[in-house]
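Chemist: Quick check, what structure comes out for this input:
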Amino acid sequence: MNYAIGIDIGSTSTKTAVLNEAGEPVALFVQPTGWSSIDTAEAVREKLAEAGYDPALWPVVATGYGRISVPYADKTLTEITCHARGAMKLHDSGDLTVVDIGGQDTKIIQVRDGQTTDFIMNDKCSAGTGRFLEVMANTMGMRPDDMCDLAAKGGGVSISSMCTVFAESEVISLIGRGESKENIAFAVVDSIVKKVASQAGRLQLGDGLVCLTGGLCQCEYIVQALGKALKTDIVASENGRYAGAIGAATFALNVRKKVAQ
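Modeler: Coordinates of the predicted model:
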C-alpha cells in the first residue's frame with residue numbers, strides 16, 4: 001500500500017492528513033502550531049513515523065503559513081490551492097464556494113469546473129476569525145465551543161466594533177452591566193458571522209454549493225447563522241477542518257518522492 005501525506009501548518013493549529021493510493025483518508029490529526037513552525041514540523045514527522053507513515057518513505061506536500069518550515073516536504077503549495085482542492089474532495093464537487101474560517105484569517109475561495117477562479121483573503125485583522133472567538137471566550141472564562149453553543153440560546157445584543165481590542169472592551173462592559181452569557185455569546189458569534197458574510201458578499205456566490213471549512217465548521221449555530229446571512233444553505237463536512245491538509249495530500253499523490261542522496 002502506498003501513501004501520500006499533506007501537512008497544513010496554520011497560524012494556530014497544524015493539521016495532517018494521510019491518504020492511501022485510492023485517495024481515501026487513513027489518518028487525520030491536529031495539534032497546536034505553537035511558537036515554532038520548525039518544531040511543530042518535527043513533531044509531526046515523529047508522529048507520522050510512529051504511526052507507520054514515515055515521511056522519509058512517502059511523498060509530502062506542505063501548505064499553510066508554516067509550509068516553508070517543513071524540511072522533509074517534497075513540495076509546498078499555497079493554502080488557497082490546497083483548501084480549494086480539499087473542499088472539492090470532501091464535497092465531491094468541482095463547483096463550489098469555500099468559506100474557510102481560520103485562526104488568523106478568513107478565506108473565501110470560488111471554484112468553477114475544478115479550478116479556482118477567484119478568492120478573497122482577510123489577513124490584516126483577526127475580526128471574523130477563530131482567534132477573535134478565542135479571545136472573547138477567554139474573556140468570559142469559557143471554551144470557544146461552549147460559546148458557540150450558548151450563542152444559539154441568546155439574542156438582542158450586538159458588538160459594534162470589529163477590532164478585537166475594542167470588541168473585548170465591549171464584552172467586558174456587557175459583563176459589567178449584568179448581561180447574560182447567552183446574549184453576550186450571541187453578540188460575539190453574530191459579529192463573526194456578519195464579518196464573514198460581508199467578505200463573502202464581495203464574490204458572486206451563484207447557484208453552486210457553499211461549504212464551510214476551518215476550525216469552526218463543526219459549530220452548527222455558525223453554519224446556520226452564516227447560511228441565513230448569505231441567504232443560502234451552507235454545508236460542512238465532519239473533516240472540514242482538515243481541508244487544507246487533505247488537499248495537500250491529494251497533490252502529494254502525484255508527487256515523486258525525493259530520494260535522499
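
Chemist: Poorly predicted segments of the stretch 101-250 of the chain, please.
Modeler: Segments of the stretch 101-250 of the chain classed as low confidence (criterion: pLDDT under 70) are 123-128, 162, 206.

Chemist: ranges for the strands of it?
Modeler: Using DSSP state E, counting those that start in this stretch, the strands assigned to the stretch 101-250 of the chain run over residues 106-112, 115-122, 209-214, 234-235.

Chemist: which one of those strands lies closest to Met147?
Modeler: Nearest to Met147, of all those, is strand 209-214, at 15.9 Å by Cβ to Cβ. Glycine gets a C-beta too; all of them are placed from N, C-alpha and C.

Chemist: ok, that closest one: who's next to it in the sheet?
Modeler: Counting by DSSP bridges, the strands paired with strand 209-214 are strand 96-101 (parallel), strand 234-235 (parallel).

Chemist: Can you report how many residues lie near Leu150?
Modeler: Burial of Leu150, expressed as a neighbour count using other Cβ atoms under 10 Å, amounts to 22.

Chemist: That one contacts Ala187, doesn't it?
Modeler: No: in this structure, Leu150 is not within contact of Ala187 by Cβ atoms under 8 Å, at 10.9 Å.

Chemist: who are the neighbours in contact with the most centrally placed residue in the chain?
Modeler: For the chain, Gly214 is the residue whose C-alpha lies nearest the centre (Cα atoms, centre = their mean; 2.1 Å). Gly214 is in contact with Asp100, Ile101, Gly102, Gly130, Gly240, Arg241, Ala243, counting by Cβ atoms under 8 Å, 6 or more residues apart in numbering.

Chemist: Who's the closest spatial neighbour of it, skipping the chain neighbours?
Modeler: With Cβ to Cβ, 6 or more residues apart in numbering as the criterion, Gly214 has its nearest non-adjacent residue at 4.2 Å, and that residue is Ile101.

Chemist: Distance-wise, check the one you found relative to Ala187.
Modeler: As defined by Cβ to Cβ, to the nearest Å, Ile101 lies at a distance of 17 Å from Ala187.

Chemist: Kind regards, and thank you for your time.
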